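Undergrad: No letters, just coordinates:
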Ligand SMILES: NC(=O)C[C@H](N)C(=O)O
């Protein structure tokens, strides 16, 4: 049993501590221990002298002559809480990364960086952490590439926990944006029978081991072909025909065999569909407003977390975000985009001519050309866009009423279009690709109370890359899935 000298806490002067196994236990305490609190709330508390109890992980340990200073973080904020303990406390197990349960008294902190600190009467090491084996080291700023090697542990770093708090707030902001503007949230299915984008990048769903529950020889989803969704658009179109404005926000899957810094096999997409919409301008307004409202929310609610990215991970990126927020997004036509690219002196890997798909290098160039603000490119060649895009019949060149939003550092962020609502035109296009039967239900939407409508989808991870200045998309998602990688 090791007696412990207590800090200036008169009401608790009879407390006694002992070490038992890995943990430090309090033997007696005259005052009842207060309820647990989140560190973000403790940091704002003004109840000096009151009991406090927090639980979290040790981010730093500084032994000094009389006292031991710990930084404890519980994920609720970037800023840790300083805990001051007597240096007579046995500190062998109090290492960087260990989990602790701290009780003590809230005191005003002499340190300018924080208002309050806890003077501990009792620190229990709930889970030890061997600092030699732990992949993250105290006082080191590890790169995003380095921490990516530890997908099960990287949330214990400041950078990744900041990212996840930002992600959580951005998710809430997108939901609020749509709900505040009268959209109904629809849970579109993860398992679907259609390839909305027609690009053949589908993951097929079938029972593991090729077995089927009813010994069906057809290795599909109970005998029917089924895939993981690439987009909730078509199901949203169904719902827009009853609710006028709908949205969904969930995971989508693409079997792209790519290790690029912009692609994931599983990514999140915020998608909206709006009935009674006849112009791309209306869609672009929603996209720009959604982007700005979400960013405003994130910048105000996660200022510290965003600052970490703008200071250490992408220095200077704050100016880029300020510019995006200040300026109106540009609009150019696909035809203008091709002219800009053809007239530039830049050497592109892929050459451009009217009718070609824009590559990332082209998208990034166009954004720069327009002063590093987001650019809407509208009216793409008809043949580049999927069957659902509305035919711009009256244009001299055959285009579709489709729009992509390109943003600095990333390229394509959103894709959207007016949807072909004219039954005969849609039927003709589907028939030409042999899909008339597959999409019989989709055609029927145009028979019963059809309206002009349109919608778009925004890649959520690309959005985070854009506002945080993160180069690799694998660093903005909790668990990245990409070609040849699904570690947990
Ligand atoms: N909902 C949308 O318009 C998104 C579109 N289907 C895409 O995946 O690009």
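TA: Nice, thanks for sending it over. Bear in mind that the values here come from a model prediction, so they are computed numbers and not experimental data. Numbering: from 1, shown residues only.

Undergrad: right, is stretch 159-176 up against the ligand?
TA: No - using Cβ under 6 Å from any ligand atom, we find that stretch 159-176 stays clear of the ligand, coming within 13.8 Å at best. C-beta here means a position set from N, CA and C on the backbone, and glycine is covered the same way.

Undergrad: Could I get the buried residue list for that stretch?
TA: By 16 or more other Cβ atoms under 10 Å, the buried positions in stretch 159-176 come out as 159-167, 169-170, 173-175.

Undergrad: where along the stretch 51-200 of the chain do the helices fall?
TA: Ranges of helices in the stretch 51-200 of the chain, per DSSP state H, counting those that start in this stretch, are 144-147, 158-180.

Undergrad: I'd like the ones you listed as CSV, with mean pLDDT and distance to residue 75 appended.
TA: Below are the helices of the stretch 51-200 of the chain laid out as CSV (pLDDT from 0 to 100; distance: least, Cβ to Cβ, whole Å):
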stretch, mean pLDDT, distance to residue 75
helix 144-147, 97, 16
helix 158-180, 98, 6
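
Undergrad: As TSV, the ones you listed with distance to residue 255 would be great.
TA: Converted to TSV, these look like this (distance: least, Cβ to Cβ, whole Å):
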stretch	distance to residue 255
helix 144-147	25
helix 158-180	24
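
Undergrad: what's the closest of those helices to residue 107?
TA: helix 158-180 (24.7 Å; Cβ to Cβ).

Undergrad: Can you pull out the residues in contact with that closest one?
TA: Residues outside helix 158-180 that contact it (Cβ atoms under 8 Å, 6 or more residues apart in numbering): 59, 73, 75, 77-78, 141-142, 144, 147, 154-155, 185, 245, 247, 249, 270, 272, 289-290, 293-294, 297-298, 301-302, 304-306, 308-309, 312-313, 460, 463-464, 468, 470, 475-476, 478.

Undergrad: what number of residues lie near the closest residue to residue 80 other than its chain neighbours?
TA: Leaving aside its chain neighbours, residue 80 sits nearest to residue 71 (3.8 Å; criterion: Cβ to Cβ, 6 or more residues apart in numbering). Residues lying near residue 71 (other Cβ atoms under 10 Å) number 19.

Undergrad: Next: residue 440.
TA: By other Cβ under 10 Å, 10 other residues sit near residue 440.

Undergrad: do the same with residue 336
TA: Neighbourhood size, residue 336 [other Cβ under 10 Å]: 14.

Undergrad: Assign a three-state SS to it, would you?
TA: Using DSSP: H, G, I helix; E, B strand; the rest coil, the structure places residue 336 in helix.

Undergrad: now it: how far from the ligand?
TA: Here residue 336 is placed at a distance of 22 Å from the ligand (Cβ to the nearest ligand atom, to the nearest Å).

Undergrad: same question, residue 451
TA: Counting by Cβ to the nearest ligand atom, the gap from residue 451 to the ligand is 16 Å.

Undergrad: With residue 388 instead?
TA: 8 Å.

Undergrad: for residue 116, what are its contacts?
TA: Residue 116 neighbours (Cβ under 8 Å, 6+ apart): 42-43, 45, 48, 81, 106-109.

Undergrad: Mind doing that once more with 10 Å?
TA: Residue 116 sits next to 42-48, 52, 81-82, 106-109 when contact means Cβ atoms under 10 Å, 6 or more residues apart in numbering.

Undergrad: Can you lay out those residues as a markdown table showing neighbour count, distance to the ligand and pLDDT?
TA: Below are the contacts of residue 116 laid out as a markdown table (neighbours: other Cβ atoms under 10 Å; distance: Cβ to the nearest ligand atom, whole Å; pLDDT from 0 to 100):
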| residue | neighbour count | distance to the ligand | pLDDT |
| --- | --- | --- | --- |
| 42 | 23 | 43 | 96 |
| 43 | 19 | 41 | 95 |
| 44 | 10 | 40 | 93 |
| 45 | 13 | 45 | 92 |
| 46 | 9 | 48 | 91 |
| 47 | 12 | 49 | 93 |
| 48 | 11 | 53 | 95 |
| 52 | 26 | 48 | 95 |
| 81 | 28 | 43 | 97 |
| 82 | 21 | 47 | 97 |
| 106 | 22 | 50 | 96 |
| 107 | 19 | 53 | 97 |
| 108 | 12 | 53 | 95 |
| 109 | 16 | 50 | 94 |
